[in-house]
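Colleague: Here is my input; please provide its structure:
(one chain, ligands or ions: 1)
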Amino acid sequence: MKLARLSKVFLASILCLSAACGARKPDSGGKIVLRYLDEPDVAGTAKEIIRKFEEANPGIRVEMVEGPSATNTREDLYATSFLSGQDTYDVVFMDIAWLAKFAGQNWLRPLDDFFTPQMRSEFLPGDIQGSQYQGKIYRLPAFSDGGMLYYRKDLLQKAGFAPPETFSDLVRIARKIQDPPKLWGFVFQGAQYEGLVCDVLECIWGNGGDLLAADGTVKLDSPEAIGAVRWMVEAIHKNKISPPGVLTYQEEESRHLFQEGKAVFMRNWPYAWELLQKDGSPVKGKVGITPMVHGRGKKSAATLGGWGFGISSLSRHPEAAWKFIHFAASPEIQKLRYFRTGRIPSRKSLYRDPEIIKASPHITALYKVLLAARPRPVNASYARISDTVQLYVSAALSQRETPEKAMQSAAKEIREFLSRQQ
Ligand code: GLC
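Modeller: You can find the predicted model right below:
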């Protein structure tokens, strides 16, 4: 386990050295230069936002470094730069899942003096909750996220099925409709990375289980959690509704397959909707969304995701950084980001925006999914918990371990390091 983490940090260091960890450039031409690391800017949206900001703020230049798409790899890049003690990044564009670790390490500047309670009340409650650590706020939410199930409305209707509610509904319908390898039943995020943890949690919660209980007890080896992982393993190996390749899929690989019309069901985040509906998309107008399936007699669960901006505690320009992040999370920019990339707003008012509702009537249903979405454990050791879950769930999905053995080992390891932490 330690090795897996170390090799990731090593990889991160290499990427970091080649990308952006070099000595900081002096502020250019009297301008303040702000730097941050973002996801790949495929649609050019981040560049457009920066251009708009710089036009309105001629004294500030923003340098965006495009990092890899997997959230935990970018987390490692930020971590490596903070550990080096350099002020490489002023702004920290971060996943809600990194908050406790980054704040716990004092890598972030508390935003309480900028981000007033009045301003906070304009955002979705889960996004604000997930931006706080030990009573302080460290992150300004830029967009929200919650996992859900996409399905091919046309194929289900033709075969006379209503959208599935339970795990067994999904398997039954998928097996009836699928025709692999041309059409698979169910795609999800099965690669060994943070996305896998989000998917597994939805299955575990939806089966009445948990990762950590409210009192901090590790629950991964409960029959509910083991049953949830078994369902995922069987989806690939027994029921054969998921392609073997799902073990390498992140969000985009699943979306591409579904968008090409090659899957009946897909677990993904809301961003996929806009892309699936674009002109030229083979599945435009043929897709429905519904909450993720659950165990019989249990309730659906969505993992709360989402991204926001923090300010590095090492930044020499916190005021300028606040100006930028406040702009990048403003209602106008969130709306632009939604229409360009499908990233759904973290501001409540935009769920009542007539233009957004007209273009995407499903947004009202999504709002409800987001209000009920559940956070991953808010724990300063979350990265380590996540690595352990990823490692053992992956071992189960590729049948190197049985679900029982894998979850027992994961639970034991997590218990051990959490007890040392106290
Ligand atoms: C999305 C979510 C984020 C999650 C990630 C996993 O980006 O917003 O919270 O950690 O997916 O891949």
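Colleague: switch to C-alpha atoms for all contacts and neighbour counts from now on
Modeller: OK.
Colleague: what's the domain layout of this structure?
Modeller: With domains defined by automatic domain parsing, the chain comprises 25-145+304-374, 147-303+378-420.
Colleague: how about a markdown table for those domains, with mean neighbour count and mean pLDDT added?
Modeller: As requested, those are arranged in a markdown table below (neighbours: other Cα atoms under 10 Å; pLDDT from 0 to 100):
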| stretch | mean neighbour count | mean pLDDT |
| --- | --- | --- |
| domain 25-145+304-374 | 18 | 95 |
| domain 147-303+378-420 | 20 | 97 |
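Colleague: Reformat those as JSON lines; add distance to the ligand.
Modeller: Converted to JSON lines, the domains of the chain look like this (distance: least, Cα to the nearest ligand atom, whole Å):
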{"stretch": "domain 25-145+304-374", "distance to the ligand": "3"}
{"stretch": "domain 147-303+378-420", "distance to the ligand": "3"}
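Colleague: contacting residues around stretch 195-207?
Modeller: Among residues not part of stretch 195-207, those counted as contacts by Cα atoms under 8 Å, 6 or more residues apart in numbering are 147, 188-190, 210-211, 224-225, 227-229, 250-251, 267, 292-296, 298-303, 376, 386, 389-390.
Colleague: hmm, 7 Å instead?
Modeller: By Cα atoms under 7 Å, 6 or more residues apart in numbering, the list of residues contacting stretch 195-207 from outside reads 189-190, 210, 224-225, 228-229, 250, 294-295, 298-303, 386, 389-390.
Colleague: likewise stretch 411-422?
Modeller: Stretch 411-422 is touched from outside by V218, L220, D221, I385, with contacts defined as Cα under 7 Å, 6+ apart.
Colleague: now, which of those lie within helices?
Modeller: Among those, the members falling in helices (DSSP state H) are I385.
Colleague: Going by distance to S81, which of the contacts of stretch 411-422 wins?
Modeller: Each of the contacts of stretch 411-422 was scored against S81 by Cα to Cα, and I385 proved nearest at 21.8 Å.
Colleague: show me the contacts for that closest one.
Modeller: Taking Cα under 7 Å, 6+ apart, one finds I414 in contact with I385.
Colleague: quick one: it from V246, how far?
Modeller: I385 is 23 Å from V246, where distance means Cα to Cα, to the nearest Å.
Colleague: out of the contacts of stretch 411-422, which are inside strands?
Modeller: Residues of the contacts of stretch 411-422 located in strands (DSSP state E): none.
Colleague: isn't I325 right next to F309, touching?
Modeller: Yes: I325 sits in contact with F309 when judged by Cα atoms under 7 Å, with a separation of 6.1 Å.
Colleague: tell me which element L156 is part of?
Modeller: Element membership for L156 (DSSP states H and E) is helix 153-159.
Colleague: residues in contact with that helix?
Modeller: Helix 153-159 is contacted by residues A162, K286, V287, G288 when judged by Cα under 7 Å, 6+ apart.
Colleague: And those residues, which two are furthest apart?
Modeller: Checking the contacts of helix 153-159 against each other with Cα to Cα, the farthest-apart pair comes out as A162 and K286, at 14.3 Å.
Colleague: Thought W98 was touching N72, still the case?
Modeller: No: taking Cα under 7 Å as the definition, N72 is not a contact partner of W98, at 8.7 Å.
Colleague: quick one, strands of the stretch 51-200 of the chain?
Modeller: With DSSP state E, counting those that start in this stretch as the definition, the stretch 51-200 of the chain shows strands at residue ranges 60-66, 91-95, 132-133, 136-137, 140-146, 148-152, 184-187.
Colleague: Out of the ones you listed, flag the one nearest Q178.
Modeller: Counting by Cα to Cα, Q178 lies closest to strand 184-187 out of the strands of the stretch 51-200 of the chain; the figure is 5.2 Å.
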